[in-house]
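Q: below are the sequence and a predicted model for it; my questions follow.
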Amino acid sequence: IKHIGVFTSGGDSPGMNAVLYAIAKAAEANGIKATGIRKGYEGLIDGDFMSLETHQLQKLVHKGGTILKTARSKRFMELEGRKKALQTLKINNIDALIAIGGDGTFRGLLAFSEICDIPFIGIPGTIDNDISGTDYTLGFDSAVNTAIENIDKIRDTAESHNRVFVIELMGRDSGYIAIHSGLVVGADAILIPESGRDFIYLLDKVKSYDSEDAFLIVVSEGDEIGAELLASKINEVNSSVDLRITRLGHVQRGGNPSALDRMLGIRFGVAAVEQLLNGNKNKMVGLLNNELYLTPFEEVVKQHQVNDELQKLLELFGK
Ligand code: ATP
């Protein structure tokens, strides 16, 4: 392997720049060229490249987002788009690829492998932590830290006014951000799609709420009830509550990566280069029990469950 192409794809997540730094550093140490491909699969199709310089990237490790930019690509979903991407790789003598993204990005690489024989390694980059084969995805820890910092602020005002707050957090159809954040801010209730519980218990709790304190409900955007409907149900059972809805939204995707995400980025980036050099391909680098671990793309699926221990904590604290 002489020339690795690197791109970020799908949703951005804090820590992506740290990965790029690590890849550039590991490539340099092994005498390999590393080229950044801008805007995910779009840049792969169009040959939209930029150089990855370690001396520049080391100043960006602390920055959220991705300097390569990211995108979703309709063209790559079509065989024509993938053929064009293959041509671009050949013309530019790129003989290996590292993709940082979610399960969709890895499905894209699997489809690409049907026509392209160069090796690919994937790195799980999404705030949702919804990918099997790794305990943590890149950006999850930062997103949780952003969420708790903001919920702590909401608590200050909620307590001053004795208000009920419904706080909606990101995660798509995964409740990981909500359960982790809700537990550590001392939420009165946490609603996540994986729990399979209805919200009746919550209404009972709100019914007897005495309006003499804050009452914080953390709800995952993937939970079927949704913030608005939940708020109206609460008003139905207790019309005296002073209720507000806060959607944290995209603020959870931005900001400086946490120490954990920077370290994860460094470890994943170096491991991806090493795995390519070891002759591995079509696998995702992950971290299980603090050990680097490889999972074939075919086995990387969206996780829809929280483990038993988290479920127990949810029962104990979020009810
Ligand atoms: P996130 O979890 O942040 O959304 P993701 O990688 O899952 O990240 P997707 O939009 O699902 O994000 O996938 C990224 C891109 O991968 C898509 O825009 C598309 O170009 C490509 N892709 C996904 N699935 C396929 C597929 N089956 N065939 C070809 N390309 C695909």
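A: Sure thing, it's come through. Numbering: from 1, shown residues only.

Q: flag every residue of the protein that's near the ligand.
A: Taking CB under 6 Å from any ligand atom as the contact definition, the chain meets the ligand at 9-11, 41, 72-73, 76-77, 101-105, 107-108, 111, 126, 128. The C-beta positions use only the backbone N, C-alpha and C, and glycine is treated the same way.

Q: what about those, which are in strands?
A: residue 101 (DSSP state E).

Q: which of the residues of the chain next to the ligand are buried?
A: Neighbour-count burial (16 or more other CB atoms under 10 Å) applied to the residues of the chain next to the ligand gives 9-11, 41, 72-73, 76, 101-103, 105, 107-108, 111, 126, 128.

Q: packing partners for the helix or strand of the chain with the lowest mean pLDDT?
A: Counting by mean pLDDT, DSSP states H and E, the chain has its least confident helix or strand at helix 200-207, which shows a mean of 86. Using 3 or more CB pairs under 8 Å, 6 or more residues apart in numbering; DSSP states H and E, the elements in contact with helix 200-207 are strand 189-191, helix 227-237.

Q: buried ones in that helix, by neighbour count?
A: 202-203, 205-206.

Q: next one: stretch 182-195
A: 182-183, 185, 187-195.

Q: what is the nearest of the buried ones among the residues of the chain next to the ligand to residue 259?
A: Distance to residue 259, by CB to CB, is smallest for residue 126 among these, at 18.9 Å.

Q: now do the contacts for that closest one.
A: Shown in contact with residue 126 (CB atoms under 8 Å, 6 or more residues apart in numbering): 10-11, 13, 101-102, 137-140.

Q: ok, so of these, who is nearest residue 273?
A: Distances from residue 273 to those, taken by CB to CB, are shortest for residue 138, at 15.8 Å.

Q: on that earlier part again, greatest separation within the buried residues of helix 200-207: which pair is it?
A: 203 and 205 (7.2 Å).

Q: circling back: ok, residues contacting the least confident helix or strand of the chain?
A: Helix 200-207 has contacts (CB under 8 Å, 6+ apart) with 164, 188-189, 191, 215, 217, 230, 233-234, 237-238, 241, 319.

Q: before we move on, what about stretch 291-310?
A: 103, 106-107, 109-110, 120, 122, 124, 129-134, 173-176, 179, 192-195, 267, 271, 275, 280, 282-287, 314.

Q: can you tell me which of the residues you listed are classed as buried?
A: Counted by 16+ other CB under 10 Å, the contacts of stretch 291-310 give 103, 106-107, 109, 120, 122, 124, 129-134, 173-176, 179, 192-195, 267, 271, 275, 280, 282-287, 314 as buried.

Q: what is the burial count for the nearest residue to residue 225 once chain neighbours are set aside?
A: Computed as CB to CB, 6 or more residues apart in numbering, the closest residue to residue 225 that is not its neighbour in sequence is residue 199, at 5.5 Å. Counted with other CB atoms under 10 Å, residues neighbouring residue 199 total 20.

Q: from here on, call the first residue 873.
A: Yes, from this point I'll number from 873; that puts the last item at residue 1071.

Q: which residues touch residue 1071?
A: Neighbours of residue 1071 in contact, by CB under 8 Å, 6+ apart: 1061, 1063, 1097, 1102, 1105.
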